[in-house]
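> Take this sequence and fold it.
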Amino acid sequence: MTIKSILFFSLVILLVSCKENTESKMAYIAKLELKKHEEHPGKKLMETHCYVCHNPSDSHEKRLAPPMIAIKKHYIDKETTKEAFTKAVLTWIENPNIEDAKMYGAVRRFGVMPKQSFLEEDIKQIADYLYDNEIDQPAWFNEHFNEMKSPRQK
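Next comes the predicted model:
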C-alpha cells in the first residue's frame, strides 16, 4: 500500500467514526430532552391539580373548564416572557375574578374559576412547564380556537 492509500483509508475511517459518534451524541441529547420533559415536576403537578377540571381528554360538551392548551394560547403570545406568564398565572390563581379574566368565552361558558389553594412554588412549576413545553390538546381544539379568536388575535 502506498502512503496515499493509507492516508485515504485513515481519513475515511476517521470520517465514518466521527459521523457515527455525532449521530449517537444527537440521539443521546434527544433522549435527555425527552426525559427532562417527562420528568418535569410541573407536568406531574399540572396533571394532578389542573387536569381535574382542565383535562385534555374531556369532550368539548362535557368539559368543566377549558383545556390547559387554551390557557397557554390565551396567556402567551410572541412577546410574553416566562416571567410575565408566570406572574399572570400566579395572579389569576391567587384571585380569580371576572375583571381580570383573559378568557371571556370560557368565563361565559364555565363561570369564573373557583378560588383554589395551591403552593406558590407548585404554580411556578406548572407555569414553567406550560411555557416551555408542548402540552396535550383535544382533537377538536385547533378548529375551535381558530373559530373563536377575536379579530385582533387573527
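
> quick one: the helices in the protein?
Using DSSP state H, the helices of the chain run over 3-39, 41-45, 51-54, 68-75, 82-94, 104-110, 120-132, 141-148.

> what does the domain assignment say about the chain?
1-39, 40-148 (automatic domain parsing).

> so what pLDDT did the residue most central in space within the chain get?
For the chain, the residue nearest the mean C-alpha position is Asn133 (2.8 Å; CA atoms, centre = their mean). Looking at Asn133, its pLDDT is 94.

> just for this structure, where's the confidence low?
1, 4-23, 25, 28-38, 149-154 (pLDDT under 70).

> rewinding a little: Met46 is in contact with the residue nearest to the centre of the chain, correct?
No: using CB atoms under 8 Å, Asn133 is not in contact with Met46; the gap is 9.8 Å. In this view, the C-beta of every residue, glycine as well, is placed from N, C-alpha and C.

> ok, now which ones touch Asp136?
56-57, 67-69 (CB atoms under 8 Å, 6 or more residues apart in numbering).

> Out of those, flag the one nearest to Gly111.
Pro67 (16.5 Å; CB to CB).

> what about the closest one, distance to Phe110?
From Pro67 across to Phe110, the span is 12 Å (CB to CB, to the nearest Å).

> and what of Met26?
Taking CB to CB, one finds Met26 at 44 Å from Phe110.

> So which of these two has more stuff around it?
Phe110 (14 against 10; other CB atoms under 10 Å).

> wait, what's in contact with the more buried one?
63-66.

> Could I get those residues in TSV, plus columns for distance to His40 and neighbour count?
Output for the contacts of Phe110, formatted as TSV (distance: CB to CB, whole Å; neighbours: other CB atoms under 10 Å):
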residue	distance to His40	neighbour count
Arg63	25	18
Leu64	24	11
Ala65	22	20
Pro66	22	23
